[in-house]
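S.K.: Build me a model:
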Amino acid sequence: MNTSRFYTYTALIALISIACLATGCEKIPTQIITTEPVDKIAVATITHTDGSGITGTATFTEVGAGIHVTIEVQNASAGLHAMHLHTGSCAEIGPHWHPMEIPAGTPGIPVVQATLNTPPIGVGEIGNISVSEDGTGTLAFTTPFWSLGGDPNTDILGKLLLIHETGDTFLTNPHHAHTMNMQMDMNMDTQTVEPHEHLPGTPPHSHANTSAIVPPIQPGGGARIGCGMITLIQ
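M.R.: Predicted coordinates for the structure are as follows:
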């Protein structure tokens with residue numbers, strides 16, 4: 001390079017630098033990459049608990065201030081089947097999940113029908129799913145009473161989705177129902193009957209011979225036929 005040209009270029013660069021210091025040069029914008037928050041998704045894979053053969057999948061997706069739920073079952077008997085949330089594991093099923101006290105006389109509204117103005121009888125009382133003659137059924141709803149993480153009073157992660165042999169009336173306070181045997185406890189003060197769920201393999205208590213026909217709907221939903229744990233996948 002020509003020496004005089006070199007010095008000319010050097011002087012020009014120096015002048016530009018001085019001008020930038022004095023007046024400020026436009027900075028090259030820095031690109032900031034942001035990621036949109038991803039909605040959480042959880043699933044429960046339903047398997048049979050008593051040899052019924054029922055299978056299915058439940059999907060739970062965060063949407064705004066609630067959870068959208070889609071429950072699909074296959075190989076189930078036609079009719080209504082009650083669904084509840086329990087604690088424990090499918091190998092050792094615990095009691096119904098009811099983190100908040102349920103006042104006596106609470107209307108028997110399951111989660112699937114509940115609104116903020118008419119809350120459910122218990123956040124673990126899901127509702128009934130209707131199964132057609134081909135053994136399949138689908139139930140979809142959105143609820144503000146559940147979350148995937150966070151508040152322990154609404155967090156359904158790690159809970160069990162239980163499916164029963166019949167539909168549930170959802171008329172009995174769940175704190176007083178769903179114990180070990182299907183028995184009728186008469187409260188002599190109020191003359192109210194509190195029915196209880198029985199576990200598979202334990203015969204119902206009865207004072208007379210009963211028919212083997214299972215009623216289409218009963219308090220508690222009868223025996224448990226399917227179970228799946230709600231697990232976060234996203």
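S.K.: Would you map the strands across the chain?
M.R.: 41-48, 55-63, 66-74, 79-88, 93-96, 125-131, 137-143, 160-164, 184-187, 192-195, 224-229, 231-232 (DSSP state E).
S.K.: any idea which of the ones you listed scores lowest on pLDDT?
M.R.: Note on the strands of the chain: lowest mean pLDDT is at strand 184-187, with a mean of 28.
S.K.: and the closest residue to residue 126 other than its chain neighbours, how many neighbours?
M.R.: Nearest non-adjacent residue to residue 126, counting by CB to CB, 6 or more residues apart in numbering: residue 83, 4.0 Å away. Every residue, glycine included, has its C-beta placed from N, CA and C. Neighbour count for residue 83, taken as other CB atoms under 10 Å: 26.
S.K.: From what I see, residue 83 and residue 128 are in contact.
M.R.: Yes: if you go by CB atoms under 8 Å, residue 83 and residue 128 touch, sitting 7.1 Å apart.
S.K.: what's near enough to touch residue 85?
M.R.: 96, 97, 123, 124, 126, 156, 159, 160, 161, 162 (CB atoms under 8 Å, 6 or more residues apart in numbering).
S.K.: Columns distance to residue 140 on top of those, output as CSV?
M.R.: Conversion of these to CSV gives the following (distance: CB to CB, whole Å):
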residue, distance to residue 140
96, 23
97, 21
123, 18
124, 19
126, 12
156, 16
159, 19
160, 20
161, 14
162, 19
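S.K.: State the number of residues packed around residue 47.
M.R.: 14.
S.K.: Next up, the contacts around it.
M.R.: For residue 47, the contact set (CB under 8 Å, 6+ apart) comprises 54, 55, 90, 226, 227, 228.
S.K.: Who wins on neighbours among those?
M.R.: That'd be residue 226 among these, by other CB under 10 Å, with 26 neighbours.
S.K.: For that one, which non-adjacent residue is spatially closest?
M.R.: Setting aside the residues directly before and after it, residue 226 is nearest to residue 163 in space (CB to CB, 6+ apart), at 3.7 Å.
S.K.: residue contacts, that neighbour?
M.R.: 46, 54, 56, 73, 76, 81-83, 129, 224-227.
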